[in-house]
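[1] Build me a model from this:
(chains A and B)
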Amino acid sequence: MSLLEVTPLFKTRLIGWITFVCSAIGGLYIARVQRFDHYPEDLDFLFPGLIFLVLLPVGALLAFGPHKQKTGSEDQPATHNSTFTKLAALAWTYVALIDYIGFPIATIAFQSAVLAFVFKKRSISWLVVTPLTATIAFTLFFKVGLSVPLPRGVGLFYTLNALII
Amino acid sequence: MFDFTFLFADSSFLILLTLITAGVLTGFIVGAMPGFDITTGVALLLPLSYVMDQSEALAFFTAMYCAGVFGGSITAILFRIPGTSESVMSAVEGYPFTARGDPGLALGIAIVCSGVAGVGATLVLMTLSPLLAQFALAFGPGDYAALGILGCAAVVSASGDKIAHGLIAVLLGLFLSTIGPDQISGAFRFTVVPALQDGITLIPAIIGLFAVSDVFWRILVNDVPNLNRSALGEQWRFPSIRYYLNLSATFIRSWTIGLFTGILPGAGASSAAFIAHSTEARFAKNSNDFGTGVPEALAAPETAKNAAAVGSLIPLLALGIPGSGTAAVILGAFEIHNLQAGPLLFAQQPELVKTIFVAVLIANIAFVLASFFLMRPIAMMTGLPYPIIAMGILTLSVTGCIATGGISTAYIMLGFAMLGIALKFLEIPAAPVILGIVLGPIIEVYFRRGLLMADGNVISLFGSPMSMTLLILSTVFLAMPFVSHVVRLHR
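    Numbers count the residues shown, from 1 in each chain, chains lettered A, B, ... in the order given. Just a heads-up that it's a prediction; the model follows:
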């Protein structure tokens, strides 16, 4: 089943449950840490506490309250979960590695991987030339144009990247 | 406030003019490019602020904003692909002109209505915001907190039928604003991971929620823009003066709606376009033909969205409260230059405020002129393959975040991208979350400061006539959707 093939009622209930549970946990935490011994000072958690206090009944209303029964999904688009998962994983990996392997190498690798695995590109021009050109353009933009220091990586990567940026 | 001679005192005006022109062209291209919202564009280019001084940066981004709101109409009318969310109605009402071989008429209506609406709204901005700022100088902490609450209530009220979704989004934003060091005591709150030690700043939140999550979502639902560019090869016929004069009643109605919708926090240009369109349908004799290429049906959203875009700058400049998601992003440019938008800006940096006024005015005139000459080449440029746009957005987002706050900012940005996906799935709007993040510190800091000054007495904190008025208005805003629902049920 596609991720989005759910009824509007299910979505409403889900929002309600998430809101209710999160605000209940948050509220309990704040009840434990917020003291009023020095009122009106030391009210670090008063504002978030008030937010949870408003959210709790809203969540309860959506989760348990009466709603118009809407059956069937409303013109929901088909989802491509595996492609999305690949893209999200690549983005997180890119951020995780950029400090270690440096901006140029990480960016070229990330862009080639996105083009290959997400957009299913196979030609050399897409997988090599495009990432290389884009990375040079970004490096010039940030390094020369904006004078922003870009991550150079560590160890061997540092030496390698130092030649480029 | 209308003395602009300082601008011509040295050659810096030429630099400013160049930057405004660059802002207009960038906004134009970004707005026209499907899959690249103007909010996203402004957010992604915010690091450019570092190489500009504060007046140049603010002039560039406000010019980009004004042109970008219109830019979305180009692809909406020519290809039925709205470049921005504000241009959805332009696609519905403008594309039928193109389909019957008359794109010039639709583009002409869009350009002139948007431009004149923008210039008119700029004059209101120049007149009203100094008065509003002057008035706000007398505000106490309670008044500011109440103003922040009013901002939240207006955002929730703008959610229409989905008031609970809007309320949750605003409260989520308010909660996110509390993460990190408390601004009064310095105590750390909810810093469950080291990346959150410094709290959540606006830039990664905006980039993650708008730019990156949009790319992720398009991949998830396979909504990759594909342009049919046959309209570009045709001869375009633009409207005559008489044609425009026939639209004047529609223009006045929609301009008024747009301006007031823009001033309200959270409503923004998209809502203005929808409201103006539906209002026009009530007034028009041929409302049954709407959607088939009726000039009034196109003029209404085009006028309203640009009036709203400029209108949203009024509360931003005068009160420090953004009227739209993109205005909240422009607040990021203020943040980069350590500037506080609001009444003190008018008192302490009047020349900066005037520079912004001039930038908005010139931008609105410049994009009309640029439109007639550059529309066709810009429309052709929008045909960049989506993989390149997506890759560019992702790389620029990560690098931009690293440039503004290091790797931890990039992680926060990705966290917001995931949150953005969840919000899209649950049909919760993202813009109120950003407005919540902006308004949260205003409400909390003034509320607690006021509470300390009032010795803990909440009634005395909100006891001033201004606070009471603002709180009553907030209640009215929150009650409005329920009242209209009850009225609808009884009809």
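
[2] Using the three-state scheme, assign the residue in chain B positioned nearest to chain A.
    Of all residues in chain B, B:Gly456 sits closest to chain A, with a separation of 3.6 Å (C-beta to the nearest C-beta). The C-beta positions use only the backbone N, C-alpha and C, and glycine is treated the same way. The three-state assignment at B:Gly456 reads coil, by DSSP: H, G, I helix; E, B strand; the rest coil.

[3] What's the local residue count around it?
    Neighbours of B:Gly456 under the rule other C-beta atoms under 10 Å in any protein chain shown: 14.

[4] do the same with B:Gln349
    Close neighbours of B:Gln349, defined as other C-beta under 10 Å, add up to 15.

[5] contacting residues for it?
    B:Gln349 makes contacts with B:Leu339, as judged by C-beta atoms under 8 Å, 6 or more residues apart in numbering or on different chains.

[6] per-residue confidence at it?
    The score at B:Gln349 is 87. That number is its pLDDT.

[7] tell me what the helix or strand of chain A with the lowest mean pLDDT is packed against?
    Between all helices and strands in chain A, the lowest mean by mean pLDDT, DSSP states H and E belongs to helix A:155-162, at a mean of 85. For helix A:155-162, the helices and strands in contact under the criterion 3 or more C-beta pairs under 8 Å, 6 or more residues apart in numbering or on different chains; DSSP states H and E are helix A:103-113.

[8] What residues does the stretch 351-491 of chain B have near chain A?
    By the criterion of C-beta under 8 Å from any C-beta of the partner chain, the positions of the stretch 351-491 of chain B lying close to chain A are B:387-388, B:390-392, B:394-396, B:398-399, B:402-403, B:407, B:410-411, B:414, B:417-418, B:425-428, B:440, B:443-444, B:447-448, B:451-452, B:454-456.

[9] which residues make contact with the least confident helix or strand of chain A from outside it?
    Taking contacts as C-beta under 8 Å, 6+ apart, the residues outside helix A:155-162 that touch it are A:100-105, A:152-153.

[10] Repeat the analysis, applying 6 Å as the threshold.
    Helix A:155-162 has contacts (C-beta atoms under 6 Å, 6 or more residues apart in numbering or on different chains) with A:101-102, A:104, A:152-153.

[11] between that helix and helix A:103-113, what angle do the directions make?
    Using axes from the mean of the first three to the mean of the last three C-alpha atoms, to 10 degrees, the direction of helix A:155-162 lies 90 degrees away from that of helix A:103-113.

[12] tell me the phi and psi of A:Tyr39?
    As for A:Tyr39, its main-chain torsions (degrees, to the nearest 10) stand at phi -50, psi 140.

[13] Identify the residues contacting it.
    B:Gly456.

[14] again with B:Phe274
    If you count contacts by C-beta under 6 Å, 6+ apart, then B:Phe274 has nothing around it.

[15] remind me which residues of the chain are low pLDDT?
    I went with chain A, as the question did not name one. Scanning chain A with the threshold set as pLDDT under 70 gives A:1-5, A:68-79, A:165.

[16] Chain B was what I was after
    Scanning chain B for pLDDT under 70 picks out B:1-4, B:6-11, B:34-36, B:83-85, B:160, B:225-235, B:265-267, B:381-383.

[17] Tell me which residue is most central in it.
    B:Thr326 (3.1 Å; C-alpha atoms, centre = their mean).

[18] again with chain A
    For chain A, the residue lying nearest the average C-alpha position, counting by C-alpha atoms, centre = their mean, turns out to be A:Ala88 (8.0 Å).

[19] what residues does the host helix or strand of that residue touch?
    A:Ala88 is part of helix A:81-101 when elements are defined by DSSP states H and E. Counting by C-beta under 6 Å, 6+ apart, helix A:81-101 makes contact with A:3, A:106, A:110, A:113-114, A:117-118, A:151, A:153-154, A:157, B:219-220, B:398, B:407, B:410, B:414, all of which sit outside it.

[20] ditto for stretch B:67-74
    B:24, B:27-28, B:30-32, B:38, B:82-84, B:86-87, B:90, B:110, B:114, B:269, B:305-306, B:309, B:363, B:367, B:375, B:379.

[21] Please work out which residue of chain A is closest to chain B.
    Closest approach of chain A to chain B (C-beta to the nearest C-beta) occurs at A:Pro40, with a separation of 3.6 Å.
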